[in-house]
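In: quick one: sequence plus predicted model below, questions after.
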Amino acid sequence: MGAKKTSDIIPMCHPINLVGVDIEFNMDYENFEIEIIATTKCVGETGVEMEALSAVSIAALTIYDMCKAIQRDIEITDIKLLEKSGGKSGDFVRGK
């Protein structure tokens, strides 16, 4: 839902017809961390990185909201684009 509502919560971000949104949670029990990875897809000539970043942000905020009563020092960190293909600006891979 976070990805679908991107244009409602980010000013001047136009609505995109998403054809797929996947979200993955990788648990690191030793360090008490959750890695959240969102993959978004659309048909057309636009990127969907804002939708992926919104999906991760909303998922992190949801986890925060559910856990804040028992763990008050939760941190949300390192939200970033890892990779994208297509769109006007072309392809991007972090670290390359």
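Out: Cool, the structure landed. Numbers count the residues shown, from 1 in each chain.

In: the chain: helices as residue ranges?
Out: Along the chain, the segments classed as helices by DSSP state H run 6-9, 49-67.

In: out of the ones you listed, nearest to D91?
Out: Closest to D91 of the helices of the chain is helix 49-67 (C-beta to C-beta; 11.3 Å). For glycine as for every other residue, the C-beta is placed from the backbone atoms N, C-alpha and C.

In: who are the packing partners of the closest one?
Out: Where contact means 3 or more C-beta pairs under 8 Å, 6 or more residues apart in numbering; DSSP states H and E, helix 49-67 is packed against helix 6-9, strand 18-28, strand 33-42.

In: dump the helices of the chain into a markdown table; add mean neighbour count, distance to V19 and mean pLDDT as well.
Out: Shown next, in a markdown table, are those (neighbours: other C-beta atoms under 10 Å; distance: least, C-beta to C-beta, whole Å; pLDDT from 0 to 100):
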| stretch | mean neighbour count | distance to V19 | mean pLDDT |
| --- | --- | --- | --- |
| helix 6-9 | 15 | 15 | 94 |
| helix 49-67 | 18 | 11 | 96 |
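
In: okay, those in CSV with distance to I37 next?
Out: Shown next, in CSV, are the helices of the chain (distance: least, C-beta to C-beta, whole Å):
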stretch, distance to I37
helix 6-9, 17
helix 49-67, 7
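
In: ok, which of those comes nearest D22?
Out: Smallest distance to D22 across the helices of the chain (C-beta to C-beta): 9.1 Å, for helix 49-67.

In: need the contact partners of the closest one.
Out: Contact with helix 49-67 is made by 1-6, 9-10, 13, 16, 18, 21, 23, 25, 34, 36-40, 42, 74, 76, 79, 81, 84, 87, as judged by C-beta atoms under 8 Å, 6 or more residues apart in numbering.
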